[in-house]
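> Here's a sequence, model it:
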Amino acid sequence: MKIILIMLVCSFTSGTCSPPVVINEKFEDMYTCLMRGYEESINMTMKVGKEEINEKGLFTRFACREVPETSIWLCGRNVLSEISYL
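So this is what the prediction gives:
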């Protein structure tokens, strides 16, 4: 089993979230995945910027999910849609 990091950007204003983005890295343990999730959240927040975050009420969400290595890619297609994200 490996752990994957799934990130989203959501808006309080519109009540919607972006499509989930799977970070292109597999983690050996939950702690490492969580730490990377917090780092990515900070990076995304800084990249979007204060003005747009305040204007659109944006925030980040992330989850670390354990998945069998063989279930991530099957016949060249991403099958993560079968996983409950958050």
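
> helix/strand/coil for the closest residue to Met1 other than its chain neighbours?
With C-beta to C-beta, 6 or more residues apart in numbering as the criterion, Met1 has its nearest non-adjacent residue at 5.1 Å, and that residue is Glu66. Glycine gets a C-beta too; all of them are placed from N, C-alpha and C. Assigned with DSSP: H, G, I helix; E, B strand; the rest coil, Glu66 falls in the strand class.

> count of residues packed around Glu66?
Counted by other C-beta atoms under 10 Å, the residues lying close to Glu66 total 13.

> do the same with Glu40
Glu40, neighbours per other C-beta under 10 Å, totals 16.

> start at 497 instead
Sure, I'll start counting at 497 from here, so that last one is Glu536.

> Quick check: which ranges of this protein have low pLDDT?
565-582 (pLDDT under 70).

> in the helix or strand where Ile500 lies, what's buried?
Per DSSP states H and E, Ile500 falls inside strand 498-507. Across strand 498-507, burial judged by 16 or more other C-beta atoms under 10 Å covers 498-506.

> What's opposite Ala559 in the beta bridge?
For Ala559, the beta-bridge partners are Ile502 (DSSP bridges).

> who does Cys506 bridge with?
Cys513, Phe555.

> Pull the residues that contact the regular element (helix or strand) spanning Glu547.
Per DSSP H and E, Glu547 falls inside helix 546-552. Outside helix 546-552, the residues that touch it by C-beta atoms under 8 Å, 6 or more residues apart in numbering are 507, 509-510, 541, 554-555.
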